[in-house]
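Asker: predicted coordinates and the sequence they were generated for:
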Amino acid sequence: MKFLEESTRPWGKYQKFYQENGVWVKRVEVIPKGRLSLQKHQYRSEKWIIVHGQGLAIVNDQEIPVFPGSVVDVPLGALHRIGNPYELPLAFIEVACGEYLGEDDIIRIQDDYAR
């Protein structure tokens, strides 16, 4: 499969495989012991569908254990992150919807990797 975009990050990687006006779809993989920054977005909401592994998602003040088949709703403006405290990779499909979908629409509140 040819991806529209691939990116390696300190916590893992993502591959964007679909985008049209107002929506994108990515496959995101979080390495063992990795986690994304605690963040929020001004212009997009997200849904995460867990396809492999286990982890812990945080949406606002709610901690959500995740496993294959879990669906996590991240509303516009919600404080969120997902992490993988386990020994196997965690993979999920991210569907983002919004008026602007740039990677610069990330407001980081806390980040393990000092970005």
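Answerer: Now that the structure is in, tell me what you want to look at.

Asker: quick one: contacts of stretch 106-115?
Answerer: 10-11, 35, 37-42, 79 (CB atoms under 8 Å, 6 or more residues apart in numbering). Glycine gets a C-beta too; all of them are placed from N, C-alpha and C.

Asker: chain center to that stretch, what's the gap?
Answerer: The chain centre lies 13 Å from the centre of stretch 106-115; the measure is CA atoms, centre = their mean, to the nearest Å.

Asker: next one: stretch 56-75
Answerer: 10 Å.

Asker: for that stretch, give the mean pLDDT please.
Answerer: For stretch 56-75, mean pLDDT rounds to 98.

Asker: name the residues of that stretch that come out as buried.
Answerer: Neighbour counts over stretch 56-75 (16 or more other CB atoms under 10 Å) mark 56-59, 64, 66, 70, 72, 74 as buried.

Asker: what's in contact with that stretch?
Answerer: In this structure, residues lying in contact with stretch 56-75 by CB under 8 Å, 6+ apart are 38, 45-55, 78-83, 85, 90, 92.
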